[in-house]
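> Sharing a sequence plus its predicted fold:
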Amino acid sequence: AQSVAQPEDQVNVAEGNPLTVKCTYSVSGNPYLFWYVQYPNRGLQFLLKYITGDNLVKGSYGFEAEFNKSQTSFHLKKPSALVSDSALYFCAVKSAGNMLTFGGGTRLMVKP
Amino acid sequence: DVKVTQSSRYLVKRTGEKVFLECVQDMDHENMFWYRQDPGLGLRLIYFSYDVKMKEKGDIPEGYSVSREKKERFSLILESASTNQTSMYLCASSSYRDSYEQYFGPGTRLTVT
């Protein structure tokens, strides 16, 4: 069965420093992978996805993610964090049928 | 601009009331989903639908039902609301045309007193 793990409940980073939010997955076949962001009292917003092609995927708001097949990882990265990046981040993988399986979420805190 | 809308942002209901949460998408998506989100529990799938008049149970369907009479509309029904159904409810839609990327509505924060 497909699964997604986000091993960190919270990531703390100083503004201007690079950030990484980790995601590992387990899926049979080629994965469809997604990152979403959620601000307080809002729905999830799409950031980026990997379907096929280049392992480095660029998305919204300066975020990017690197697909690593050998390590079954899809970590979210940004070269320079902003305070406004503070939010809840979800990794997801396409699972059976037409569904997505979501990780438990990682809270990113960017401190000035 | 693509849109998934939900009928209410905030809702307060009393125990035992019948509650309807409406979700509408304008993208001609075939798939629609209802999730609930609680602190520490992530997103949990309640029901989903692949087509009009079609529904499938998700991980936590107990106490809920759904209706999809038109392609663009997916309703979540709490037959008799209970306090343990106080939560944030998120609707989403997707299509094979977008590689199953899910588009989410703004959410409904339901409080049952």
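Nice, thanks for sending it over. Residues are numbered from 1 along each chain as shown, chains lettered A, B, ... in the order given.
> can you give me phi and psi for B:Lys96?
Check again: residue B:96 is Tyr, not Lys. When read as degrees, to the nearest 10, the backbone of B:Tyr96 gives phi -60, psi -20.
> Can you verify my assumption that it contacts B:Glu30?
Yes - with contact defined as C-beta atoms under 8 Å, B:Tyr96 reaches B:Glu30; the gap is 7.5 Å. (Glycine included, C-beta is placed from N, CA and C.)
> Identify the contacts common to these two.
A:Asn98 (C-beta atoms under 8 Å, 6 or more residues apart in numbering or on different chains).
> Between the two, which has more neighbouring residues?
Set side by side, B:Tyr96 and B:Glu30 show more neighbours around B:Glu30, with 17 against 10, by other C-beta atoms under 10 Å in any protein chain shown.
> Kindly tell me how buried A:Asp9 is, as a neighbour count.
Around A:Asp9 there are 10 residues (other C-beta under 10 Å).
> and it, what is it in contact with?
A:Gly104, A:Gly105, A:Thr106, A:Arg107.
> ok and the residue in chain B nearest chain A?
B:Phe104 (3.7 Å; C-beta to the nearest C-beta).
> so what pLDDT did that residue get?
pLDDT for B:Phe104: 96.
> same question, B:Val2
For B:Val2, the pLDDT comes out at 63.
> With B:Pro61 instead?
B:Pro61 is assigned 97 on the pLDDT scale.
> ok, which residues in chain A are in contact with chain B?
A:32, A:34, A:36, A:41-46, A:49, A:51, A:90, A:92, A:94, A:97-100, A:102-105 (C-beta under 8 Å from any C-beta of the partner chain).
> Any quick PyMOL command for the buried ones out of the residues you listed?
Per 16 or more other C-beta atoms under 10 Å in any protein chain shown, the buried members of the residues of chain A next to chain B correspond to this PyMOL selection:
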select buried, chain A and resi 32+34+36+42+43+44+46+49+90+92+94+98+99+100+102+103+104+105
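> and the most far-flung residue of chain B relative to its centre, backbone torsions?
For chain B, the residue at maximal distance from the C-alpha centroid (C-alpha atoms, centre = their mean) is B:Arg97, at 21.5 Å. Note on B:Arg97: backbone dihedrals following degrees, to the nearest 10 are phi -70, psi -20.
> Please identify the helix or strand for B:Arg36.
Applying DSSP states H and E as the criterion places B:Arg36 in strand B:31-38.
> Give me the next element, helix or strand, following that strand.
By DSSP H and E, the next helix or strand past strand B:31-38 is strand B:42-49.
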